[in-house]
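S.K.: Got a sequence here, can you build the structure:
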Amino acid sequence: MCGNILFDGNSIVTPDICPGCRSKITYIKQPVCYRCGKQLEDDEQEYCHDCVVKQHNFKRGVAAFSYSQGMKKSMYAFKYNNRREYAKYYASVIAKEFKDVIFSWNCEVLVPVPLHRSKLIKRGYNQAEILAKRLSEQLLIPMDNKILIRTRNTVPLKELNEKERITNLKSAFQTDEIKLKYKRIILVDDIYTTGSTIDECAWTLLRNGAEEVYFITACIGRGF
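M.R.: Got it, this is the predicted structure:
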């Protein structure tokens, strides 16, 4: 987050962060929502309010960090300031904390949420794909960045309320195959808030032959 390189003797330490930056990050710990992985305040709860009132297209998901001020700064640098190396740390935390859960899903492939071609050209990389590559290395689950395509250049979701997000994302994705070869898929994205993006991607995959869709994100927010 601060951008300084960590050293241990003569070697660079990766992946890790300095103690000062670590203190600014809020890690997701139990209890969490069984469906989306949001932090819960009550041990007796199984689902967050959002998942109680909303029907999702995905089966289950996990996230490593709460979308707090510290992580907002980190994610901004990751997405817009070319700090692609941050993905290695995000993936290492996800693998350490959720490996058993992820393996229990018995999925065949990691699929990054795609950017529209115009945004990809402007930014130069898809942060979700970078994270998916690192997760693939950590979890030894193959990644496929070809099967899901973003067909519309949607408005940034941070500018919209939940209803507007759903309308904005409608029919924004398609697959490159009429019938998918994968049945159990894990979507990968940087941030989860209301789940609108993951839901639309999951619906696209399900209607084209997938049987179950899960997700992994670096951060998760409170939603609306």
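
S.K.: low pLDDT regions in this protein?
M.R.: 1-23, 155-168, 223-224 (pLDDT under 70).

S.K.: Which parts of it are strands?
M.R.: 7-8, 11-12, 60-66, 109-112, 148-150, 173-175, 184-192, 212-220 (DSSP state E).

S.K.: buried sites along the helix ranked longest in the chain?
M.R.: Counting by DSSP state H, the longest helix found in the chain is helix 86-104. Across helix 86-104, burial judged by 16 or more other CB atoms under 10 Å covers 86-95, 97-98, 102. Any C-beta I mention is one placed from the backbone N, CA and C, and that applies to glycine too.

S.K.: Mind jotting down where the helices sit in this protein?
M.R.: 19-22, 49-53, 69-80, 86-104, 117-123, 127-139, 162-169, 196-206.

S.K.: how many other residues sit next to E44?
M.R.: 6 (other CB atoms under 10 Å).

S.K.: What of I141?
M.R.: 18.

S.K.: and it, what does it touch?
M.R.: I102, C107, E108, V109, L110, L135, I186 (CB atoms under 8 Å, 6 or more residues apart in numbering).

S.K.: PyMOL command to pick out the buried ones of the residues you listed?
M.R.: Command for PyMOL that selects the buried part of the contacts of I141, burial taken from 16+ other CB under 10 Å:
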select buried, resi 102+107+108+109+110+135+186
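
S.K.: And the contacts of I141, which two are furthest apart?
M.R.: When CB to CB is used, the two most widely separated members of the contacts of I141 are E108 and L135, lying 14.1 Å apart.

S.K.: Name the nearest of the buried residues of helix 86-104 relative to K79.
M.R.: So of the buried residues of helix 86-104, ranked by how close each gets to K79 (CB to CB), first place is Y86, at 9.6 Å.

S.K.: What sits closest to the closest one if chain neighbours are left out?
M.R.: Spatial nearest neighbour of Y86, excluding adjacent residues (CB to CB, 6 or more residues apart in numbering): F78 at 4.4 Å.

S.K.: now swap in V101 and tell me
M.R.: V62 is the one closest to V101 (CB to CB, 6+ apart), at 6.0 Å.

S.K.: Give me the distance between the one you found and N208.
M.R.: Going from V62 to N208 by CB to CB, to the nearest Å gives 24 Å.

S.K.: Over to S171?
M.R.: 13 Å.

S.K.: The two - which one has more neighbours?
M.R.: More neighbours surround N208 than the other of S171 and N208, with 17 against 10 (other CB under 10 Å).

S.K.: and that one, how far is that from V111?
M.R.: 12 Å.

S.K.: and if you look at K146?
M.R.: 9 Å.

S.K.: So which of the two has more stuff around it?
M.R.: The residue with more neighbours, out of K146 and V111, is V111; 30 against 11, by other CB under 10 Å.

S.K.: Against A91, how distant is that one?
M.R.: Distance from V111 to A91, by CB to CB: 15 Å.

S.K.: Then T151?
M.R.: 28 Å.

S.K.: mind putting the helices of the chain in JSON lines, distance to C36 included?
M.R.: Output for the helices of the chain, formatted as JSON lines (distance: least, CB to CB, whole Å):
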{"stretch": "helix 19-22", "distance to C36": "25"}
{"stretch": "helix 49-53", "distance to C36": "5"}
{"stretch": "helix 69-80", "distance to C36": "17"}
{"stretch": "helix 86-104", "distance to C36": "13"}
{"stretch": "helix 117-123", "distance to C36": "25"}
{"stretch": "helix 127-139", "distance to C36": "17"}
{"stretch": "helix 162-169", "distance to C36": "14"}
{"stretch": "helix 196-206", "distance to C36": "9"}
